[in-house]
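Q: below are the sequence and a predicted model; questions follow.
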Amino acid sequence: MCETRKGTSTRKPRATSQTQVVQIQALAAEMVAKQTNALLRKQRRRHLRQQRSATGQSATNFTRPGRLKNVDRSKGTKINVTVNNVTVVITDFPEIKSRTSPSQKDKTVVPSSSTPSPSPSNPS
């Protein structure tokens, strides 16, 4: 015999006034949260713009440096350079050395000569 439930997929809960009130309150809370998040984002952007204008950076000139793949960013040497009473900090990162297996280190490459090797001569 098969065990089946009859009619469970078509039954839906009825909307009561209490469930409608709960849904409306949840929707209202979600809308308020979205509005406050949007307001906070606007305030952060305004604050960043004010900081940039105070430091002399414009929003159009603000770019992030590219990331290099062959550089070890965990180790770096900072160098202070001062020119005309303006000090700039330069960070020098070491280059990552390519990893080679020990078997590749032991092999020596012998360049081939440009002259052809002598072939055995046949005195005929």
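A: Ah, there it is. Residues are numbered from 1 along each chain as shown.

Q: next SSE downstream of whichever helix in the chain runs longest?
A: Secondary structure of the chain per DSSP state H: the longest helix is helix 17-55. Downstream of helix 17-55, the next assigned helix or strand under DSSP states H and E is strand 77-83.

Q: I'd like the average pLDDT over the next helix or strand after that next one.
A: Moving toward the C-terminus from strand 77-83, the next helix or strand (DSSP H and E) is strand 86-92. The pLDDT scores in strand 86-92 average 90.

Q: run through the protein and note the low-pLDDT ranges.
A: Applying pLDDT under 70 to the chain flags residues 1-11, 55-63, 100-124.

Q: contacts only, for Asn70.
A: Residues in contact with Asn70 (C-beta atoms under 8 Å, 6 or more residues apart in numbering) are Glu95, Ile96. The C-beta positions use only the backbone N, C-alpha and C, and glycine is treated the same way.

Q: so how far is Arg52 from it?
A: According to C-beta to C-beta, to the nearest Å, Asn70 and Arg52 sit 32 Å apart.

Q: now Leu68
A: From Leu68 to Arg52 the distance is 26 Å (C-beta to C-beta).

Q: who's more crowded, the two?
A: Arg52 (14 against 11; other C-beta atoms under 10 Å).

Q: for Gln43, see how far away the more buried one is.
A: Using C-beta to C-beta, we find Arg52 at a distance of 15 Å from Gln43.

Q: based on its surroundings, how many neighbours for Leu48?
A: Neighbours of Leu48 (other C-beta under 10 Å): 13.
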